[in-house]
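*Asks:* Have a look; sequence and predicted model below, questions after that.
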Amino acid sequence: MKKGKQHWKRVGAAALAGLLALPAISQACTSLLYTDERGTPYAGRTMELPMELPYEVTYFPVGSKFDSQVKAHPELDYASKYAFVSVTVPDPVTKGLKVVEGINEAGMSFSLLAFASTEGPRDMVEKTRAVLSAIDLGAWTLSNFKNVAEVKAALAKQPVLVTALLPLGVLKTPFHYTLHDAAGASIVIEFSQGKQHVIDNPIGVMTNGPEFQWHQTNLNNYTFLNNKDQSKLTLNGVTLQQPDSGIATVALPASNTSVGRFVRAVYYSQFAEKAKTPDEAVLTLSHVMNNFDRPRGITIDERFEESIENIAAPAVTGEPLYTSEYTSWTALSDLDRRTFYVRSYGSINYVDFDLNRLKQLKTQKSLPLKQFERQAGSGTAAFFTPRS
């Protein structure tokens, strides 16, 4: 029997779970860049979904083989010039791994975030030319380039198209992408209004919709932001006094919407104390990212009753038809020391992966992220432990 779109939607929901639900439901990822006293950059991001995916921590050595396929075009094949460590999700269709977050040995990081308004360009590329699928931007950028300037130059030449994640054109890749490098430069790659946009991001912050340039324009409404408390005011001889500290944050958006989180991420990344040492900087960044950590049940969205998302999503207690996003994991990247940190929902502490040590490995290796739940400290040694 011929499989219809509804069949593939349900298969996809079960297989790719949250990634395929992202177009309609996930609007909660937050990415930002923090710099220490010396100007050294550190990247942080959260991943929010209403479910757990089979996340893996994967190391790809130099020489790892990759391919990207766009319908009606030759396969784009390449080998990694740079080693990298990443959070990946298995693709049940191609059996490969999709890179969601990662850092390479040159100190460049990549983050994939939900963007429901994705609308890529039409396929006007000659059929004999290999084209990169947008979902493979993570592996392609981390494998081939040492900084965002190189990525920008390459994207001016390499065609990229937004493809469907499932057969029959079901579920167009609903993401946009942000990269930071060891010099502190950032770019956003976004597909909207039928065009590819590669945008410099000097502030280093990224959330979800609307378009990135809309978020930049919206910051013009927050020129009053300042981290100095104005706790005293005199009006007509009457002195008004704030009884405690913290009034400087009163005008920050309080909601967990993409727009609100973007403004808060700008505030916290800009005004957090400039750490003196790398270890202090990672600690400071972890505190900054705590402001975007969402427990289960904090918001419940009723729009998705009887929808595909509820097929895959675990029910919130007492509300079987509702979905609730929460922070599945948070990642930190020390771009100078090439160290990657991950904390899953079930953990209090971060586990770190030293890319300098992982480079001793000559073969690709993946470990389940759940393996590191409730652990702390180095997770690097686990990659050198033979599987039982």
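*Replies:* Thanks, I have the structure now.
*Asks:* so what's the residue sitting furthest away from the middle of the chain up against?
*Replies:* Within the chain, the residue lying farthest from the chain centre (Cα atoms, centre = their mean) is G237, at 51.5 Å. Contacts here follow Cβ atoms under 8 Å, 6 or more residues apart in numbering; on that basis G237 touches nothing. Every C-beta, even on glycine, is put in place using the N, C-alpha and C of the backbone.
*Asks:* Could you check the pLDDT of it?
*Replies:* G237 carries a pLDDT value of 97.
*Asks:* Same question for H180.
*Replies:* pLDDT, H180: 98.
*Asks:* quick one, phi/psi of it?
*Replies:* H180 adopts backbone torsions of phi -130, psi 150, taken as degrees, to the nearest 10.
*Asks:* residues near it, how many?
*Replies:* Using other Cβ atoms under 10 Å, H180 has 30 neighbouring residues.
*Asks:* cool, and the one 10 residues further on?
*Replies:* By other Cβ under 10 Å, the residues close to E190 number 26.
*Asks:* so it sits right up against M206, yeah?
*Replies:* No - contact criterion Cβ atoms under 8 Å: E190 and M206 do not qualify, at 9.5 Å.
*Asks:* which residues do these two both contact?
*Replies:* Contact criterion Cβ under 8 Å, 6+ apart; residues shared by E190 and M206: 176, 212.
*Asks:* Which residue ranges of the chain form helices?
*Replies:* 5-16, 18-21, 137-144, 148-155, 212-218, 258-271, 278-290, 308-312, 355-358 (DSSP state H).
*Asks:* pLDDT on the second one, on average?
*Replies:* The average pLDDT for helix 18-21 rounds to 43.
*Asks:* Just the CA atoms of stretch 346-353, as CSV, please.
*Replies:* Provided in CSV are the C-alpha atoms of stretch 346-353 (Å, rounded to 0.1, in the frame of the first residue of the first chain):
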residue,chain,number,x,y,z
GLY,A,346,18.5,15.0,35.1
SER,A,347,21.8,16.5,36.2
ILE,A,348,22.9,19.3,38.6
ASN,A,349,26.5,19.5,37.3
TYR,A,350,28.2,19.8,33.9
VAL,A,351,30.3,17.0,32.3
ASP,A,352,33.2,18.3,30.2
PHE,A,353,34.8,16.9,27.1
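*Asks:* could you dump the helices of the chain to a markdown table with mean neighbour count?
*Replies:* Listed next are those as a markdown table, based on neighbours: other Cβ atoms under 10 Å:
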| stretch | mean neighbour count |
| --- | --- |
| helix 5-16 | 17 |
| helix 18-21 | 26 |
| helix 137-144 | 25 |
| helix 148-155 | 18 |
| helix 212-218 | 16 |
| helix 258-271 | 21 |
| helix 278-290 | 18 |
| helix 308-312 | 20 |
| helix 355-358 | 18 |
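*Asks:* could these go into CSV alongside distance to P90?
*Replies:* CSV is the format used below for the helices of the chain (distance: least, Cβ to Cβ, whole Å):
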stretch, distance to P90
helix 5-16, 9
helix 18-21, 10
helix 137-144, 13
helix 148-155, 25
helix 212-218, 29
helix 258-271, 27
helix 278-290, 26
helix 308-312, 15
helix 355-358, 20
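*Asks:* Report the contact partners of A154.
*Replies:* Residues near A154 by Cβ under 8 Å, 6+ apart: 144-145.
*Asks:* So it versus V87, what's the distance?
*Replies:* Distance of A154 to V87, computed by Cβ to Cβ, to the nearest Å: 23 Å.
*Asks:* now do G184
*Replies:* 22 Å.
*Asks:* neighbour count winner among these two?
*Replies:* V87 (26 against 17).
*Asks:* how near is the closest residue to the more buried one other than its chain neighbours to T178?
*Replies:* Excluding its sequence neighbours, the residue lying closest to V87 (Cβ to Cβ, 6 or more residues apart in numbering) is E101, at 4.4 Å. The gap separating E101 from T178 is 10 Å, by Cβ to Cβ.
*Asks:* try G120
*Replies:* Distance, G120 to T178, using Cβ to Cβ: 17 Å.
*Asks:* out of those two, which sits in the busier spot?
*Replies:* T178 (28 against 19).
*Asks:* can you tell me which residues contact L240?
*Replies:* Neighbours of L240 in contact, by Cβ under 8 Å, 6+ apart: 232-234.
*Asks:* what's around T257, how many residues?
*Replies:* When neighbours are defined as other Cβ under 10 Å, T257 has 16 of them.
*Asks:* that older thread, between the contacts of L240, which is closest to K172?
*Replies:* Within these, distances to K172 taken as Cβ to Cβ reach their minimum at L233, with 51.9 Å.
*Asks:* so who does the nearest residue to F292 once chain neighbours are set aside touch?
*Replies:* Computed as Cβ to Cβ, 6+ apart, the closest residue to F292 that is not its neighbour in sequence is T30, at 4.3 Å. Neighbouring residues of T30 by Cβ under 8 Å, 6+ apart: 45-46, 206-207, 261-262, 265, 289, 292.
*Asks:* and what of K157?
*Replies:* Applying Cβ under 8 Å, 6+ apart, we find K157 in contact with no residue.
*Asks:* Please determine how far it is located from A185.
*Replies:* 19 Å.
*Asks:* How about A43?
*Replies:* Distance, A43 to A185, using Cβ to Cβ: 12 Å.
*Asks:* swap in D91?
*Replies:* Taking Cβ to Cβ, one finds D91 at 30 Å from A185.
*Asks:* Just want to know which of the two has more residues nearby.
*Replies:* More crowded of D91 and A185, by other Cβ under 10 Å: A185, with 20 against 16.
*Asks:* That one is in contact with V148, isn't it?
*Replies:* Yes - A185 is within contact range of V148, at 4.8 Å (criterion: Cβ under 8 Å).
*Asks:* residue ranges with poor pLDDT in the stretch 51-200 of the chain?
*Replies:* 166-171 (pLDDT under 70).
*Asks:* redo that, cut-off 50
*Replies:* For the stretch 51-200 of the chain, no stretch has pLDDT under 50.
*Asks:* what ranges do the strands span in it?
*Replies:* Taking DSSP state E, counting those that start in this stretch as the test, the strands found in the stretch 51-200 of the chain are 56-60, 65-68, 76-79, 84-90, 97-104, 109-114, 132-133, 160-161, 175-180, 186-192, 195-200.
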